[in-house]
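**Student:** give the three-dimensional model of this entry:
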Amino acid sequence: MGMPEFRDSGITRRQAITDIIESIALEQAALSHILNAEGEKIQKIVGLSAIPDDIEIMLATNKSVKHMVNSITRLEVLLQTKLELFENCLCDVEL
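**Tutor:** Residues are numbered from 1 along each chain as shown. From the prediction side, this is the model:
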């Protein structure tokens, strides 16, 4: 197997950076939707739980949500690191 061949895509450096920043914003929007769904999950469980036997379901739901929030937090740190790569980026002004 030989070396892969890379072709010029014709995309400017500025456009590539813009695309990366846009992808970060889209990922953050997706993560906010996931967090919203987790909040709705908790609201539903709390609203349905009227008897003490439901405590196990509530604890399991809490554990699941906690795991998801922790995962999203780690992803947000990665996205922030990715965004910081372009913090002091100077791009030529395109006319």
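
**Student:** buried stuff in the helix or strand encompassing residue 62?
**Tutor:** Residue 62 belongs to helix 55-84 when assigned by DSSP states H and E. Of all the residues in helix 55-84, those buried under the rule 16 or more other Cβ atoms under 10 Å are 61, 65, 68, 72, 79. (Each C-beta comes from the backbone N, C-alpha and C, glycine too.)

**Student:** that helix packs against which elements?
**Tutor:** In terms of contacts (3 or more Cβ pairs under 8 Å, 6 or more residues apart in numbering; DSSP states H and E), helix 55-84 is packed against helix 13-48.

**Student:** how far off centre is the helix it packs on?
**Tutor:** How far helix 13-48 lies from its chain's middle: 5 Å, per Cα atoms, centre = their mean, to the nearest Å.

**Student:** relative to helix 55-84, how tilted is it?
**Tutor:** If you take axes from the mean of the first three to the mean of the last three Cα atoms, to 10 degrees, helix 13-48 sits at 170 degrees to helix 55-84.

**Student:** just checking, what packs against helix 13-48?
**Tutor:** Helix 13-48 packs on helix 55-84, going by 3+ Cβ pairs under 8 Å, 6+ apart.

**Student:** so for the helix holding residue 62, mean pLDDT?
**Tutor:** Over the span of helix 55-84, the pLDDT mean works out to 93.

**Student:** do stretch 22-33 as well
**Tutor:** 96.

**Student:** next one: the helix holding residue 62 to chain centre, how far?
**Tutor:** On Cα atoms, centre = their mean, the centre of helix 55-84 falls 10 Å from that of its chain.

**Student:** can you offset everything so residue one is 662?
**Tutor:** Happy to do that; since the first residue is 662 now, the last one works out to helix 716-745.

**Student:** now do stretch 730-745: everything it contacts.
**Tutor:** Residues from elsewhere that reach stretch 730-745, judged by Cβ atoms under 8 Å, 6 or more residues apart in numbering: 681, 682, 685, 688, 689, 692, 695, 696, 699.
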